[in-house]
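> I would like to see how this sequence folds:
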Amino acid sequence: METGKHVVLVDFNAPEDWSFIEALEIVTKKKWEIVSCVNNRLHGGVIKKLRRYVMYFWLPLKILFDKNLYIQIIAWQQFYGLILAFYLRLFHVKNAPEITVMTFIYKSKKGITGKLYFSFMRSAVQSGYVKKFVVFSKSEPSYYADLFDVSESYFQSEVLGIDDTAKDYEDNIVDNKLYLSAGRSNRDYDFLREAWEKADCKLEIICDEEKRSNTENISYLTNCHGQQYMQRLAHSYAVVIPLLDEKISSGQLVILQSLMLGKPVIVTKNSTVGDYIKDGFNGLIIDKTEQALLDAVFKLSVGGYYENISKNARRSYEENFSIYAMGLRIGKYFKE
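Next up, the predicted model:
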């Protein structure tokens, strides 16, 4: 009979009635707990970054000392699981809890820092302490298997899901001249800035690392998170996501938040976005060129076309991308 805990490690304030946990428990027939160490807002400054990195190492260290209390661990924040695996390998721990790393993403870095970062990631992936790495596009298992020299079976492709909070923003007035772009990981804001100079709409970029002065048609918001960010998203007409590296999984959260609110998404081509956006149906996938972006903005200026994309965006969220549906999909691994 099992006597340990089954837990999900998160870096945000998950609700007690979180539907992801509900779905896990239905599929696995086990009780799951939430362990939260909030650091998802610690971006944009040296002190905040330092605090975030300390938390990345502190929570796994705490779990290491209490490892016998746990049976299965889902690391929603990937670094909680990766650093725990690193510790377990470092100390050659036996009878360790089973770890599943969610939202696994690796983005290469330059210089000596990049080499150290890659060595750390490879060590964690090859440690043998992580049973499964969940990625959010079909192209990534083979890519990461080759990159880290491990079996492709370690990686499982799923689609991401998020909670439905659309009703909280029903009263927001939409500005039909305002486009929004948000996120830090793998974004090419330099391309977006240059291409947007010829657009006749306003653009708002929400990113803690883009500390620039506003221009005539581009404005910037930092330290904009949670409900404030969602209100800006609900206020916008559509969303633009310029991706830098075509092989890296990124942008899914902003895509799903946009679909949930019925916002058409313009996203540059990437090997992962096709799992979420069907070009011309619930959004637009474009080449990363100025003309392609301007053409997409023009298409969305047509009322009937915009309305169809918007309706399809919301429908695709309801049918495929809820957090409950994702919990059911993830739960099957533990049932097996």
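> switch to C-alpha atoms for all contacts and neighbour counts from now on
Will do.
> first to last residue in stretch 234-251, what's the distance?
End-to-end distance for stretch 234-251, by C-alpha to C-alpha, to the nearest Å: 17 Å.
> which parts of stretch 182-199 are buried?
Judged by neighbour count using 16 or more other C-alpha atoms under 10 Å, the buried positions of stretch 182-199 are 182-183, 185-189, 192-193, 195-196.
> In strands, which of those appear?
Secondary structure assignment (DSSP state E) places Ala182 from the buried residues of stretch 182-199 within strands.
> check which helix or strand covers the most centrally placed residue in the chain.
In the chain, the centroid-proximal residue (C-alpha atoms, centre = their mean) is Leu253; its distance is 4.5 Å. Using DSSP states H and E, Leu253 maps to helix 252-260.
> which stretches of this protein form helices?
For the chain, the helices defined by DSSP state H cover 19-28, 46-65, 78-90, 111-125, 140-148, 189-196, 226-235, 252-260, 290-300, 303-320, 323-335.
> Now tell me what touches the helix holding Leu253 from outside.
Contacts to helix 252-260, defined as C-alpha atoms under 8 Å, 6 or more residues apart in numbering, come from residues 160-162, 164-166, 182-183, 233, 238-239, 264-265, 273, 276, 282, 310, 313-314, 316-318, 321.
> for stretch 174-194, same thing?
107, 201-209, 218, 233-245, 248, 250-251, 254, 288, 290.
> What about Ser119, how many residues nearby?
Ser119 sits with 13 neighbouring residues when counted by other C-alpha atoms under 10 Å.
> quick one: it from Phe148, how far?
Counting by C-alpha to C-alpha, the separation of Ser119 from Phe148 is 10 Å.
> Also Leu256?
29 Å.
> Same question for Gly81.
Gly81 sits at a distance of 17 Å from Phe148 (criterion: C-alpha to C-alpha).
> Looking at those two, which one has more neighbours?
Higher neighbour count among Gly81 and Phe148: Gly81, with 27 against 17, using other C-alpha under 10 Å.
> nearest spatial neighbour of that one, skipping sequence neighbours?
Once flanking residues are discounted, Gly81 sits nearest to Ala75: 4.9 Å by C-alpha to C-alpha, 6 or more residues apart in numbering.
> looking at it, the one you found is touching Leu84, isn't it?
No: with contacts counted by C-alpha atoms under 8 Å, Ala75 stays clear of Leu84, the gap being 9.5 Å.
> ok, these two, which is more surrounded?
Between Ala75 and Leu84, counted using other C-alpha under 10 Å, the more crowded position is Leu84 (27 against 24).
> who are the neighbours in contact with the more buried one?
60-61, 63-64.
> Let me know the pLDDT of it.
Leu84 is assigned 97 on the pLDDT scale.
> mind checking how far it is from Lys62?
Counting by C-alpha to C-alpha, the gap from Leu84 to Lys62 is 9 Å.
> Give me the number of neighbouring residues for Phe334.
13.
> Now for the closest residue to it other than its chain neighbours, how many residues are close by?
Of all residues beyond its chain neighbours, the one nearest Phe334 is Thr28 (6.2 Å), with distances taken as C-alpha to C-alpha, 6+ apart. Number of residues near Thr28 (other C-alpha under 10 Å) recorded here: 17.
> ok, back up a step: ok, which of the helices of the chain comes nearest Ser213?
For these, proximity to Ser213 was assessed by C-alpha to C-alpha; helix 189-196 is nearest, at 12.1 Å.
> Poorly predicted segments of the stretch 151-300 of the chain, please.
Scanning the stretch 151-300 of the chain for pLDDT under 70 picks out nothing.
> mind checking how far Tyr154 is from Ser127?
12 Å.
> what is the mean pLDDT for stretch 103-118?
Here the average pLDDT along stretch 103-118 is 91.
> Can I get it in PDB, CA atoms only?
The C-alpha trace of stretch 103-118 is given here as PDB (Å, rounded to 0.1, in the frame of the first residue of the first chain):
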ATOM      1  CA  THR A 103       6.600  22.200 -20.000                       C
ATOM      2  CA  PHE A 104      10.200  21.100 -20.900                       C
ATOM      3  CA  ILE A 105      12.000  23.800 -23.000                       C
ATOM      4  CA  TYR A 106      15.700  24.200 -23.700                       C
ATOM      5  CA  LYS A 107      16.900  27.400 -25.300                       C
ATOM      6  CA  SER A 108      20.700  27.600 -26.000                       C
ATOM      7  CA  LYS A 109      22.700  30.400 -24.500                       C
ATOM      8  CA  LYS A 110      25.900  32.000 -25.800                       C
ATOM      9  CA  GLY A 111      29.400  31.900 -24.400                       C
ATOM     10  CA  ILE A 112      30.700  30.200 -21.300                       C
ATOM     11  CA  THR A 113      27.300  30.600 -19.600                       C
ATOM     12  CA  GLY A 114      25.700  28.700 -22.500                       C
ATOM     13  CA  LYS A 115      28.100  25.800 -22.200                       C
ATOM     14  CA  LEU A 116      27.500  25.500 -18.500                       C
ATOM     15  CA  TYR A 117      23.800  25.700 -19.000                       C
ATOM     16  CA  PHE A 118      23.800  23.000 -21.600                       C
END
